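Q: kindly return the folded structure for what I paste below:
(chains A and B)
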Amino acid sequence: MQKALKKYFPIFALPTLIAFVIAFVVPFFMGIYLSLCKFRTVTNAEFIGLGNYAKAFANKDFLNALLFTVKFTVVSVITINVLAFLLALLLTKGIKGTNIFRTVFFMPNLIGGIVLGYIWQLIINGILLKVVGQDIYYNPSYGFWGLIILMNWQQIGYMMIIYVAGIQNVPPELIEAAKIDGATTWQTLKSVIVPMVMSSFTICMFLTLTNSFKLFDQNLALTAGLPARKTAMLALDIYNTFYGRTGWEGVGQAKAVVFFVIVAVISLTQLVITRSKEVEN
Amino acid sequence: MAKKKQTANEIEAPQVSKAQGIIIGLFLTILSILFLAPILIVLLNSFKSKLYISSEPFKLPDANTFVGLSNYTDGAVKIGFFQSFGWSLFITVFAVVVIVLFTAMTAWIITRIKSKFTSFLYYFFVFAMIVPFQMVMFTMTFVANRLHLDNPVGIIIIYLGFGSGLSVFMFSGFVKAIPIAMEEAAMIDGCNPLQTFFSIVFPMLKPTAITVAILNAMWVWNDYLLPYLILGTEHKTIPIAIQYLRGGYGSVDMGAMMAMLVLAIVPIIIFYLTCQKYIIKGVVAGAVKG
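A: Residues are numbered from 1 along each chain as shown, chains lettered A, B, ... in the order given. Here you go, the predicted model:
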């Protein structure tokens, strides 16, 4: 069988492999090389070593974007997971209409980031104009909390569904037994349900972590980094460096490599944690 | 896991008293309305004159502010909404078909052939999954231009290449779990690997194929930056057209914006309500495996 399979390998794998090389492998290695070059277009690149990285880390916009992204990620991961878990608890009580609620809460997840951004820009500006007489571009903290609200609206339903699946996998006997032993609702939650949904928790943590960290479309549509790039997250800052500032393409690529390394570290941490959990089970 | 979940659903009985149930139900109803409100507010504003949208977004349209469907007709002409819808549909459908077909074939062959080369390929695909788009966006655009892939047909090859990581990973996970005996029997009976794949393996991969199709469809349909960089504004997809409404003109025509947002959301909601079961299942399966 191996022999026949090997003969057919090109037919099965070549279309994907060619596309993979064009769209990923070549751009990836070229990207790493170009981060060490000064260039305007790819064809006139000149090797300069680590200069771009030095420039990137001395760049105020970049450091500000990094800080903003980290703050945003921390707040959104906590709020989304807490709210999604609470909703999941309510939706596993066997209440009438559970399916309709689930449908409604999940729906925003399917709407694209650009559209989401403009929907919330209307709402948030409407409220801000009424309450403080300014729009979302006026103060970076308006943009920050606007993004948090938007992200919660989009992601809560998704995470809720993963938590619901986790909670439904808790054997009812276990909860029954805890009740017979005289456990209060809080004790049952803390000592029975939460430990049993740890795997859902890990999944949701990392999904929200990477989704928040890599956010671009929503950021572009809701605030576009305004005022004065103060609400630009890392992905948007990299985009601005590439396409908004001639002569800084190399620095943009260096920022992109740094961004990639951070995302890779987060993803690998998840892999290690998930693997070690699987061993325990 | 799917089976286990179903039984859990069936035996599920109300765990709370009637009064508690009513309170929770009421709370969830209010929350649902809050969840839907942003979309409804956009819908209401899409019928208002653009002059009254930013200043009074929460007021219902009245005799003064109501403009009928003119925002829709103006907006659709301004950004070429129906062409955009066509391009979005074209790119999404073909990209998803191509991705599902070719990555399933690739995943099967690299899982079944045991060699250092195939396992290297597998890990390379997994690695591609964790690389954010910004890392390759500039160089990918360059390569696409050089190879003349900067058009609605060429972009499908780009999507296959950039989307293959997750899809190969998910299909491989499933191929590993299906017994090899059926395939061996087919091959002994004289089927070549292509016949074996399409008559035996691919039908068994169907649940994973649906998941992969849904995840990729959601990604491609909503994607903004990749098509914007590859296609520019010559062939606009829906997200590009919406963003163009702000970028292309000095001050945003809020009326057109509201109407176009509604037109962008409606197809998604229809798709969601018709395939809800598969979408939720697919997204959860994708999350658990990815």
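Q: contacts, neighbours, all on C-alpha from now
A: Will do.
Q: for B:Ser55, helix, strand, or coil?
A: Following DSSP: H, G, I helix; E, B strand; the rest coil, B:Ser55 is assigned to coil.
Q: what's the neighbour count on it?
A: Number of residues near B:Ser55 (other CA atoms under 10 Å in any protein chain shown) recorded here: 15.
Q: quick one: it and A:Gly126 touch, right?
A: Yes: using CA atoms under 8 Å, B:Ser55 is in contact with A:Gly126, at 6.9 Å.
Q: A:Lys96: what's it in contact with?
A: Going by CA atoms under 8 Å, 6 or more residues apart in numbering or on different chains, A:Lys96 touches B:Gly25.
Q: can you do 10 Å?
A: When contacts are counted by CA atoms under 10 Å, 6 or more residues apart in numbering or on different chains, A:Lys96 is found next to B:14, B:21-22, B:24-25.
Q: now, which of those residues lie within helices?
A: Counting by DSSP state H, the part of those found in helices is B:21-22, B:24-25.
Q: could I have the buried ones of those residues as ChimeraX selection syntax?
A: Of these, the buried ones can be selected in ChimeraX as follows, counting by 16 or more other CA atoms under 10 Å in any protein chain shown:
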select /B:21,24,25
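Q: so which of the ones in helices among the contacts of A:Lys96 are also by chain A?
A: B:21-22, B:24-25 (CA under 10 Å from any CA of the partner chain).
Q: what is the neighbour count of whichever residue of chain B sits closest to chain A?
A: In chain B, the residue that lies nearest chain A is B:Gly161 (3.8 Å; CA to the nearest CA). For B:Gly161, the neighbour count with other CA under 10 Å is 25.
Q: wait, is it part of a helix?
A: Yes: counting by three-state DSSP, B:Gly161 is found in a helix.
Q: pLDDT weak spots in the chain?
A: The chain I'm using is chain A. A:275, A:277-281 (pLDDT under 70).
Q: actually chain B
A: Chain B contains residues with pLDDT under 70 at B:1-15, B:247-250, B:288-290.
Q: quickly list the domain ranges of it.
A: Chain B breaks down into these domains under automatic domain parsing: B:17-68, B:80-248.
Q: can the ones you listed go into a markdown table with extra columns for distance to A:Tyr163?
A: Below are the domains of chain B laid out as a markdown table (distance: least, CA to CA, whole Å):
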| stretch | distance to A:Tyr163 |
| --- | --- |
| domain B:17-68 | 17 |
| domain B:80-248 | 19 |
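Q: looking at those domains, which is buried most?
A: domain B:80-248 (a mean of 19; mean count of other CA atoms under 10 Å in any protein chain shown).
Q: re earlier: go through the contacts of A:Lys96 and name the one nearest B:Tyr122.
A: Distances from B:Tyr122 to the contacts of A:Lys96, taken as CA to CA, are shortest for B:Pro14 (46.2 Å).
Q: would you map the helices across the stretch 51-200 of chain B?
A: B:70-79, B:81-112, B:116-129, B:133-146, B:154-177, B:181-188, B:193-196 (DSSP state H, counting those that start in this stretch).
Q: what's the closest of those helices to B:Ala241?
A: helix B:70-79 (5.8 Å).
Q: let me know which of the helices of the stretch 51-200 of chain B is the nearest to A:Ile262.
A: Closest among the helices of the stretch 51-200 of chain B, using CA to CA: helix B:133-146, at 11.5 Å.
Q: the closest one to helix B:154-177, inter-axis angle?
A: 130 degrees (axes from the mean of the first three to the mean of the last three CA atoms, to 10 degrees).
Q: packing partners for helix B:133-146?
A: helix A:26-34, helix A:234-244, helix A:249-280, helix B:154-177, helix B:225-231 (3 or more CA pairs under 10 Å, 6 or more residues apart in numbering or on different chains; DSSP states H and E).
Q: noted, bye for now.
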